[in-house]
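Undergrad: Below are the sequence and a predicted model for it; my questions follow.
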Amino acid sequence: SEAVMIIKTRQSLAERVVEAGKALHSYSNPAFVVVPIIDGSHDYIRWLMNETQAPDLDPEAWQD
């Protein structure tokens, strides 16, 4: 049986999310679709943008 999962992120991170999902998925060709947000609650969109900051990819930033 299958389930639908909705992952919300910003457009600039979509490719990374799709690649990570494909790497973890058991299907050889899982259905990943990116759907743009045309409009919506400005409060929600502001929250989404604050919650989906691109991670710092500088390895030196990860050191304690």
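TA: Sure, I can see it. Residues are numbered from 1 along each chain as shown.
Undergrad: tell me, how many neighbours does residue 48 end up with?
TA: 15 (other CB atoms under 10 Å). Glycine gets a C-beta too; all of them are placed from N, C-alpha and C.
Undergrad: Spatially nearest residue to it (excluding sequence neighbours)?
TA: Excluding its sequence neighbours, the residue lying closest to residue 48 (CB to CB, 6 or more residues apart in numbering) is residue 8, at 6.0 Å.
Undergrad: From residue 26, how far out is the one you found?
TA: As defined by CB to CB, to the nearest Å, residue 8 lies at a distance of 23 Å from residue 26.
Undergrad: returning to that earlier point: return the per-residue confidence for the residue nearest to residue 48.
TA: Residue 8 carries a pLDDT score of 91 in this model.
Undergrad: Helix or strand for it, just tell me which one.
TA: Per DSSP states H and E, residue 8 falls between elements, in no helix or strand.
Undergrad: Now the phi/psi pair for it, please.
TA: phi -100, psi 130 (degrees, to the nearest 10).
Undergrad: for the longest helix belonging to the chain, the distance to its chain's centre please.
TA: Ranked by residue count under DSSP state H, the longest helix found in the chain is helix 11-24. On the basis of CA atoms, centre = their mean, to the nearest Å, helix 11-24 sits 6 Å off its chain's mean C-alpha point.
Undergrad: May I see the buried residues of it?
TA: Using 16 or more other CB atoms under 10 Å as the test for burial, helix 11-24 gives 17, 18.
Undergrad: helix or strand right after that helix?
TA: According to DSSP H and E, the helix or strand after helix 11-24 is helix 42-51.
Undergrad: Output the contacting helices and strands for that next one.
TA: Helix 42-51 sits against no helix or strand, with contacts defined as 3 or more CB pairs under 8 Å, 6 or more residues apart in numbering; DSSP states H and E.
Undergrad: Show me the shaky parts of this structure.
TA: The model of the chain has pLDDT under 70 over residues 54-64.
Undergrad: if you set the cut-off to 90 instead, what comes out?
TA: 1-3, 10, 12-13, 37, 52-64 (pLDDT under 90).
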